[in-house]
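Colleague: can't give you the sequence, but here's the structure:
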């Protein structure tokens, strides 16, 4: 076989591979599953299969908590910045957290003044059902952050400006982890 025939054979093989790997217009290619997209490029392809093949037959402790980078969701409905006049409070209302494994609550207060933060857990019945105080902090300073393991379907946050003279700015955010 000379070089010209070899080049034609390679070109023909590449064309066949390209045509064979291209889905036909009506062909069902399956439903996208983000947990199978290991390199998070928006498509499940040979690169993802390569990552799986490297991990094939590995073992570990399935009960160990694993943090998956890039899979934390900011709860946009709670991203608040509110001005609290003296001796007033803020109530987040019920926040659904069912289906998540951890939540992180971030609070910042300016200026730092006399205050109280309370975090409650609620079951699926909401305000009419039982609630449990899971955190009470007096005078959090300028900022406060805490991560909780999810144990209920909802949480509720109360913040009290206990200062009789200072108006404060409260910033609150919640991050949820699958």
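Modeller: Sure thing, it's come through. What you are looking at is a predicted structure, and each value in this text was computed from that prediction instead of being measured. Residues are numbered from 1 along each chain as shown.

Colleague: Break the chain down into its domains, please.
Modeller: 3-55, 72-177 (automatic domain parsing).

Colleague: Correct me if wrong, but residue 132 is in a strand.
Modeller: Yes: applying DSSP: H, G, I helix; E, B strand; the rest coil, one finds residue 132 inside a strand.

Colleague: Rebuild the domains of the chain as CSV, extending it with mean neighbour count and mean pLDDT.
Modeller: For every residue, glycine as well, the C-beta is placed using N, CA and C. Converted to CSV, the domains of the chain look like this (neighbours: other C-beta atoms under 10 Å; pLDDT from 0 to 100):
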stretch, mean neighbour count, mean pLDDT
domain 3-55, 10, 76
domain 72-177, 15, 86
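
Colleague: ranges for the helices of the protein?
Modeller: Assigned by DSSP state H, the helices in the chain fall at 3-21, 46-55.

Colleague: Figure out which of the ones you listed is closest to residue 144.
Modeller: Nearest of these to residue 144, taken as C-beta to C-beta: helix 46-55 at 38.5 Å.

Colleague: any idea of the angle that closest one forms with helix 3-21?
Modeller: Counting by axes from the mean of the first three to the mean of the last three C-alpha atoms, to 10 degrees, helix 46-55 points 90 degrees away from the direction of helix 3-21.

Colleague: How much space separates residue 171 from residue 105?
Modeller: For residue 171, the distance to residue 105 equals 12 Å [C-beta to C-beta, to the nearest Å].

Colleague: Turn the helices of the chain into CSV, columns for distance to residue 142.
Modeller: Below are the helices of the chain laid out as CSV (distance: least, C-beta to C-beta, whole Å):
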stretch, distance to residue 142
helix 3-21, 57
helix 46-55, 42
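
Colleague: Quick one, which of those gets closest to residue 31.
Modeller: Taking C-beta to C-beta, helix 46-55 is the member of the helices of the chain nearest to residue 31, at 14.8 Å.

Colleague: which other helices and strands contact the closest one?
Modeller: Judged by 3 or more C-beta pairs under 8 Å, 6 or more residues apart in numbering; DSSP states H and E, helix 46-55 is in contact with no other helix or strand.

Colleague: Give me the residues contacting that helix.
Modeller: 36-39, 41 (C-beta atoms under 8 Å, 6 or more residues apart in numbering).

Colleague: mind redoing it with 10 Å?
Modeller: 21, 36-41 (C-beta atoms under 10 Å, 6 or more residues apart in numbering).

Colleague: With respect to residue 146, which of the residues you listed is nearest?
Modeller: residue 40 (28.4 Å).

Colleague: Tell me if I'm right that that closest one and residue 34 touch.
Modeller: Yes: counting by C-beta atoms under 10 Å, residue 40 does reach residue 34; the two are 7.7 Å apart.

Colleague: ok, so of the contacts of helix 46-55, who is nearest residue 164?
Modeller: Nearest to residue 164 among the contacts of helix 46-55, with distances taken as C-beta to C-beta, is residue 40, at 51.1 Å.
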